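*Asks:* Quick one, structure for this:
(one chain, ligands or ions: 1)
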Amino acid sequence: MCGIVGYIGYRDSVPVLIEGLKRLEYRGYDSAGVGLIVDSKSIIVKDKGKVSNLEKLLDEKGLKSNIGIGHTRWATHGEPNVMNAHPHSNEDGTIFLIHNGIIENFNTIKMSLLKQGIKFQSDTDTEVIVHLIDSFIKKGNSLFKAVRLALSEVEGTYGLAVISSNEPDKIIAARKGSPLVVGIGNGENFIASDVSALIAYTKQIVYLDDGEIAEITCDSFKAKTIIGDDIKKEVIEVTMSLEELDRGGYDTFMLKEIMEQPESVLNSIRGRLVFEEGTAKLGGLENVFDKLADTKRIILTACGTSWHSGLVAEYMFEQYLRIPTEVEYASEFRYRNPIINNDDAIIFISQSGETADTLAAMREAKRKRALCLGVCNVVGSSIARESDSGVYIHAGPEIGVASTKAFTSQLCVFALMTLLLARKRDMSLVDGQKIVTEFQQLPDKIRKILTLTSEIEKIAEVFKDAPNFLYLGRGYNFPVALEGALKLKEISYIHAEGYPAAEMKHGPIALVDENMPVVFIAPSDSTYDKIMSNIQEIKARKGKIIAIASEHDTVIDTIADYSIKIPDTIRMLTPILSVIPLQLLAYYIAVKKGLNVDQPRNLAKSVTVE
Ligand code: G6P
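*Replies:* Numbering: from 1, shown residues only. Okay, the predicted model is just below:
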């Protein structure tokens, strides 16, 4: 969703802001703008559409400035147009503000400002903040204090940055519910909503926490709480590299991320398997291990693809640990006053670690004193920092909006957790060692699947114009069916539904005719015979069958119209393999339709508003 970047220092800020905004494009947006101070005058340049449009406008104007803020907007209040794009300014155009999040009491504030005769220029909730700041400045406050006082009247969420031509040597930044980091340089400083926007310039990062406000000049940084207490912030060195943020020779980030799964999976399991003891080692869980081992119920909470990985984890935990496990949409969990017991463990799964609903669900669970664990990819993200404990999936930066490698890495972490806890319960050494061996073979097995791209591309060509798709699987592969359908709809805009294969008889089968492609995830496991019957039922109704099957299965070739073969592994690890052909199928269909797979319409990588 919306992206923020800001610069103050010895360089020309324009290229820094544009490069930063380009790094944030993956988050999803519909307009972009920058605010600069040039010769003591504030100048706003903004446009609808891509950052490249904004870049062209700035080139034409030939503006240069040592201080600036930039924004990509994902519309919430007010349609995506130039007027609603950020920055927004006060009436005399001296103060500029960019904002991520939603101001919930904007209407009340707007009414009172309108009564004072203030004129508004946009339909956004954001604009109220800049007028409110202005009203505090008119009462004689500094910019820093005025922003702080304005924010104490605001309800809702924000990550924001403010500059003023009357105090042109500073950027004020604040955060509540929307991520914001400060990048510390030499004679220059930065702010951004995401570390990736700054990594080309500095790896020294300060993470602002909720309710904090900072003043950044070219050579200083100070922070307070919104209520005015001084605070000391720690500077953390991040390890992310620029290469990790580039496409590495691939046409798209999504393809790169699909193709690097042998390495991302290896990174998720590296150093975490102990063959001699047939177990796993997860440093992030050590301080809560005893509590976790005794837990009577596990609840997994997430959104989107991460929710699907939670569904797979439910099968793992219940099969091996025999601990009752529930999986909840974070957006439902947070509002339905969930029943939480002392001996429950709640796991919050989030690639970004910033998804608004998942973060709010975690805060709600913390209020109820549950043991809260985070399973995140982005190091230093809000969920990672605020959870009691947790495990990083180490998939590396995921830029494509449709999640791919984060999903397989999340599954690795859940399988590692399962192994670790099962060995403390009743799993034998020999069984544990078998699982370790299967884990070690995963990267090579994924490599093998990735050699099938041209085969999958041909299937994509056949079905690229289908208006609907069904995805069916059983057991561990039911969530994979949901994930396959989600991948297809996210990037190809084809309507797709995932179902448990048997449940298809209770409705979806009515849709099946000779035009309906049905993807079956049918590896040779204990549900194989059952799923073969389901395939026959679809075949009898002339549906077109695409089967994901085990490599030695020749029977399936006699029934399916198309089959994609994957290596065998134990059931618990099968989804890590079976999902990969589905990622590729969705990818090639979208590419053949000429769509932008990395930034699909209306979607955002990190959904930071509820
Ligand atoms: C958005 C993204 C999805 C992602 C979901 C949850 O919808 O487009 O790819 O699965 O958010 O994100 P999280 O970062 O919490 O895993």
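
*Asks:* Show me which residues of this structure sit near the ligand.
*Replies:* When proximity is defined by Cβ under 6 Å from any ligand atom, the chain lies next to the ligand at 303-306, 350-352, 355, 358, 401-403, 603, 605-607. Placement of C-beta: from N, CA and C, glycine included.

*Asks:* Can you list which of the residues you listed are found in strands?
*Replies:* Members of those lying in strands (criterion: DSSP state E): Ser350.

*Asks:* Closest to Pro87 out of the residues of the chain next to the ligand?
*Replies:* Ser606 (21.1 Å; Cβ to Cβ).

*Asks:* Quick one, grab the pLDDT at that closest one.
*Replies:* As summarised for this prediction, Ser606 has a pLDDT of 80.

*Asks:* Residue of the stretch 1-150 of the chain closest to the ligand, please.
*Replies:* Among all residues of the stretch 1-150 of the chain, Gly28 sits closest to the ligand, at 7.5 Å; criterion: Cβ to the nearest ligand atom.

*Asks:* so who does that residue touch?
*Replies:* 1, 74, 401, 599, 602-605 (Cβ atoms under 8 Å, 6 or more residues apart in numbering).

*Asks:* let's go with 6 Å and repeat that
*Replies:* When contacts are counted by Cβ atoms under 6 Å, 6 or more residues apart in numbering, Gly28 is found next to 74, 603-605.

*Asks:* Filter those down to the buried ones, PyMOL style.
*Replies:* Restricted to buried positions by 16 or more other Cβ atoms under 10 Å, the PyMOL selection for the contacts of Gly28 reads:
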select buried, resi 74+603+604+605
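
*Asks:* Now render the contacts of Gly28 as a markdown table, adding distance to Gly159.
*Replies:* A markdown table is the format used below for those (distance: Cβ to Cβ, whole Å):
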| residue | distance to Gly159 |
| --- | --- |
| Trp74 | 13 |
| Leu603 | 20 |
| Ala604 | 14 |
| Lys605 | 15 |
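
*Asks:* for stretch 26-44, the distance to its chain's centre please.
*Replies:* On the basis of Cα atoms, centre = their mean, to the nearest Å, the separation between the geometric centre of stretch 26-44 and that of its chain is 25 Å.

*Asks:* Which strands border the longest strand belonging to the chain, and is each parallel or antiparallel?
*Replies:* Scanning the chain for the longest strand, with DSSP E as the assignment, gives strand 167-176. Taking DSSP bridges as the criterion, strand 167-176 forms sheet pairs with strand 158-164 (antiparallel), strand 212-216 (antiparallel).

*Asks:* which non-adjacent residue is nearest the residue of the stretch 1-150 of the chain closest to the ligand?
*Replies:* The shortest distance from Gly28 to any non-neighbouring residue, by Cβ to Cβ, 6 or more residues apart in numbering, is to Ala604 (3.3 Å).

*Asks:* Would you check that that neighbour makes contact with Cys2?
*Replies:* No: look at Ala604 against Cys2 with Cβ atoms under 6 Å: they stay out of range, at 8.5 Å.

*Asks:* Quickly list what's touching both of these two.
*Replies:* Taking Cβ under 6 Å, 6+ apart as the contact definition, Ala604 and Cys2 share the neighbouring residues Trp74.

*Asks:* related to what we said a few turns ago, gap between the following helix or strand past the longest strand of the chain and the chain center?
*Replies:* The C-terminal neighbour of strand 167-176 among helices and strands, as given by DSSP states H and E, is strand 181-184. The gap between the average C-alpha position of strand 181-184 and the chain average comes to 21 Å, counting by Cα atoms, centre = their mean.

*Asks:* for stretch 545-558, same thing?
*Replies:* 34 Å.

*Asks:* got it, and stretch 107-125?
*Replies:* With Cα atoms, centre = their mean as the basis, the mean position of stretch 107-125 lies at 33 Å from the chain mean.

*Asks:* pretty sure Ile323 contacts Met316?
*Replies:* No: Ile323 lies out of contact with Met316 (Cβ under 6 Å); the separation is 10.4 Å.

*Asks:* between these two, which one's more packed in?
*Replies:* Of the pair Ile323 and Met316, Met316 is the one with more neighbours under other Cβ atoms under 10 Å, namely 24 against 18.

*Asks:* hang on, that one in a helix?
*Replies:* Yes: the assignment for Met316 is a helix, going by DSSP: H, G, I helix; E, B strand; the rest coil.

*Asks:* Please report how far the residue nearest to it when sequence neighbours are not counted lies from Glu153.
*Replies:* Leaving out its chain neighbours, the residue that sits closest to Met316 by Cβ to Cβ, 6+ apart is Thr418, at 4.4 Å. The span separating Thr418 from Glu153 equals 48 Å under the rule Cβ to Cβ, to the nearest Å.

*Asks:* More neighbours: the two, which one.
*Replies:* Each of Thr418 and Glu153 had its neighbours counted (other Cβ under 10 Å), and the higher figure belongs to Thr418 (23 against 15).

*Asks:* okay but the more buried one is in contact with Tyr315, surely?
*Replies:* No: at 9.6 Å, Thr418 and Tyr315 do not qualify as touching, with contact defined as Cβ under 6 Å.

*Asks:* Deepest-packed of the strands paired with strand 167-176, please.
*Replies:* Comparing the strands paired with strand 167-176 on average neighbours per residue, with mean count of other Cβ atoms under 10 Å, the densest one is strand 158-164 at a mean of 27.

*Asks:* Go ahead and name everything in contact with that one.
*Replies:* Outside of strand 158-164, the residues that reach it under the criterion Cβ under 6 Å, 6+ apart are 4, 6, 69, 94-101, 143, 147, 171-176, 178-180, 191, 193.

*Asks:* which SS state does Val34 fall under?
*Replies:* Secondary structure for Val34, judged by three-state DSSP, is strand.

*Asks:* nearest spatial neighbour of it, skipping sequence neighbours?
*Replies:* Here the residue nearest Val34, using Cβ to Cβ, 6+ apart, is Gly70, at 4.2 Å.

*Asks:* What are the boundaries of the helices in the stretch 51-200 of the chain?
*Replies:* All helices of the stretch 51-200 of the chain, identified by DSSP state H, counting those that start in this stretch, fall at 51-61, 106-115, 127-138, 143-151.

*Asks:* Name the helix or strand for the residue nearest to Met316, please.
*Replies:* Assigned by DSSP H and E, Thr418 belongs to helix 405-424.

*Asks:* For that helix, name the packing helices and strands.
*Replies:* For helix 405-424, the packing partners by 3 or more Cβ pairs under 6 Å, 6 or more residues apart in numbering; DSSP states H and E come out as helix 261-269, strand 279-280, helix 304-316, helix 574-592.

*Asks:* Give me the pLDDT value at the residue in the stretch 301-450 of the chain that the ligand sits nearest to.
*Replies:* Distances between the stretch 301-450 of the chain and the ligand by Cβ to the nearest ligand atom are smallest at Gly304, namely 2.8 Å. Per-residue confidence at Gly304 stands at 97 (pLDDT).

*Asks:* Count the neighbours of it for me.
*Replies:* Other residues near Gly304 number 23, with proximity taken as other Cβ under 10 Å.

*Asks:* Then His77?
*Replies:* The burial metric for His77, expressed as a neighbour count using other Cβ under 10 Å, is 15.
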